[in-house]
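1. 3D, please:
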Amino acid sequence: MKKIITILFFLNLVIYSQWEQVSSGMGNISINSFALLGNKIFVGSYGNGVLFTTNSGLNWTYTSLGALQVNSVIENNNILYAGTEFNGIYKSTNDGYNWIQVLNRPTIRALASDGLYIYAGTSDSGIYKSSNSGISWSLSSLNNRSIHSIFINGNYIYAGCDVSGIYFSTNSGVNWTQTSLNNTDVRTICANGSYIFAGTYGEGIFISSNNGSSWSQSQLGSEFILTLVSRENNIFAGSTTFGVYASNNNGNTWIMRNEGLPYAIVAKLFIANNFLFAGRYNGGVYRRELNQLIGINPISSEIPESFSLFQNYPNPFNPSTKIKFAIPFIPSAAQTFLSVFDIFGRQVTALISQQLTPGTYEVEWDASNQPSGLYLYKLTTGDFSETKKMILVK
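-> You can find the predicted model right below:
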């Protein structure tokens, strides 16, 4: 009986600590974009228009904007906008039930809004903007570039271009300045405070710590990055070759997070309802709980000589504590599990369930929703297993 319980427990960890496909109602279509409006998540698809879900992806419904390639979907002031291939921009004022065309430019690759203006990046003529909910549009001074991405961070508007890198504007798109990242194909941009991340096609990710004045290339130096999103200090990247990468130290180090995610192009990542969603090429939508992905911090890439599980600190703690552990090189890679249990042996949370490269890591456990008491934390990987105690005092 003990063996059966152990096996079931292990299977439970594997099943619930990985990506899950949530494509009921859409099938394995290609996803280009996400947007959130109220309790609905909308996606723009390749050849299937716009779809939506009201239950975080468990079921999807087609809107009336069908049979179009929708490259970008955004929400602004409770209005949805969809940028399409060959058919310009459509908008909906009733949660996607009806759509009208508002800009008849051929191909729109990117949409963004700062609350006052809507910005539209085109495939051949730069950026248009509208100040009246898409009724009229004017061409900005960045008018002769192919735009892949538009990202707004405070007063800065960043435009990622084909071949010519990144431009920025600090006056609502009236004037644009090319940054020193000026000779690469930038497909996606995101930010964490003053840190700007640029995902490129074939040159990995570039990072700026000064709003784009200077750039350095990350360790993902030759990757094809199509999408970037951030949550606090955690940055997630979707690629054409190796799925999803994650970093929680502003891009200094990256690890792959593809447990349960079949090989396919990850075209778009999106965070909503405490999930990270992945839109895939010919693969529909996958999702994963954020608490499975955030909090793990590689603090050293030096290869340890042996497995180690360190005492948490602080201890006692309230409400959060950090747990450090070391993974040495082993001939055959194995999943690493770090879980927390109460004194009755019931699992409280699975902090880690993934394959890790050799190194020393640190993960934080926030016990705000747990009662005071004695807890156990257990590290298991391959043939190694160790358990330690910690005390939560409120």
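
2. What about the closest residue to residue 102 other than its chain neighbours, how many residues nearby?
-> Counting by Cβ to Cβ, 6 or more residues apart in numbering, residue 134 is the residue found nearest to residue 102 once chain neighbours are left out, at 3.8 Å. All C-beta spots, glycine's among them, are computed from the backbone N, C-alpha and C. Residues lying near residue 134 (other Cβ atoms under 10 Å) number 20.

3. Using the three-state scheme, assign residue 134.
-> Following DSSP: H, G, I helix; E, B strand; the rest coil, the label given to residue 134 is coil.

4. and the closest residue to residue 217 other than its chain neighbours, what helix or strand is that in?
-> Of all residues not flanking residue 217 in the chain, residue 206 sits nearest, at 5.5 Å (Cβ to Cβ, 6+ apart). Remark: residue 206 resides in strand 205-208, with elements defined by DSSP states H and E.

5. and stretch 375-393, how far out from the chain's middle?
-> Computed by Cα atoms, centre = their mean, to the nearest Å, the chain-centroid distance of stretch 375-393 equals 29 Å.

6. Packing partners of the strand holding residue 206?
-> strand 195-200, strand 216-217 (3 or more Cβ pairs under 8 Å, 6 or more residues apart in numbering; DSSP states H and E).

7. Which stretch among these is buried most, on average?
-> Mean neighbour count (mean count of other Cβ atoms under 10 Å) peaks for strand 195-200 among these, with a mean of 26.

8. What are the neighbouring residues in contact with the residue nearest to residue 217?
-> Residues in contact with residue 206 (Cβ atoms under 8 Å, 6 or more residues apart in numbering) are 181, 184, 197, 198, 200, 215, 216, 217, 218.

9. Export those residues as CSV, with columns for pLDDT and distance to residue 191.
-> Below are the contacts of residue 206 laid out as CSV (pLDDT from 0 to 100; distance: Cβ to Cβ, whole Å):
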residue, pLDDT, distance to residue 191
181, 97, 14
184, 96, 18
197, 97, 7
198, 98, 10
200, 98, 16
215, 97, 13
216, 96, 15
217, 96, 17
218, 93, 15
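
10. So residue 234 sits against residue 247, correct?
-> Yes: at 7.2 Å, residue 234 and residue 247 qualify as touching, with contact defined as Cβ atoms under 8 Å.

11. Give the residue from those two that has the larger number of neighbours.
-> Just comparing residue 234 and residue 247: by other Cβ under 10 Å the higher neighbour count belongs to residue 247, 25 against 21.

12. Can you give me the pLDDT of that one?
-> Note for residue 247: predicted pLDDT of 89.

13. Surely it touches residue 231?
-> No: Residue 247 lies out of contact with residue 231 (Cβ under 8 Å); the separation is 11.5 Å.

14. sorry, back to before: where's the residue nearest to residue 102 relative to residue 114, distance?
-> 15 Å (Cβ to Cβ, to the nearest Å).

15. start to end distance for stretch 187-198?
-> Length of stretch 187-198, first residue to last, Cα to Cα, to the nearest Å: 8 Å.

16. My error: substitute stretch 40-51 in the last question.
-> So stretch 40-51: terminal residues 10 Å apart, Cα to Cα.

17. Quick one: distance of that stretch to the chain centre.
-> 18 Å.

18. then stretch 25-39 to CSV, C-alphas only?
-> Extracted in CSV, the C-alpha atoms of stretch 25-39 (Å, rounded to 0.1, in the frame of the first residue of the first chain):
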residue,chain,number,x,y,z
GLY,A,25,-13.7,24.7,-29.1
MET,A,26,-10.7,25.9,-31.2
GLY,A,27,-8.6,22.8,-31.9
ASN,A,28,-4.9,23.1,-32.9
ILE,A,29,-5.2,26.5,-34.7
SER,A,30,-2.4,29.0,-34.7
ILE,A,31,-2.5,31.8,-32.1
ASN,A,32,-1.0,35.3,-32.7
SER,A,33,-2.3,37.5,-29.9
PHE,A,34,-4.2,37.7,-26.5
ALA,A,35,-6.3,40.4,-24.9
LEU,A,36,-8.3,40.7,-21.6
LEU,A,37,-11.7,42.5,-21.3
GLY,A,38,-13.6,41.9,-18.1
ASN,A,39,-13.8,38.2,-17.5
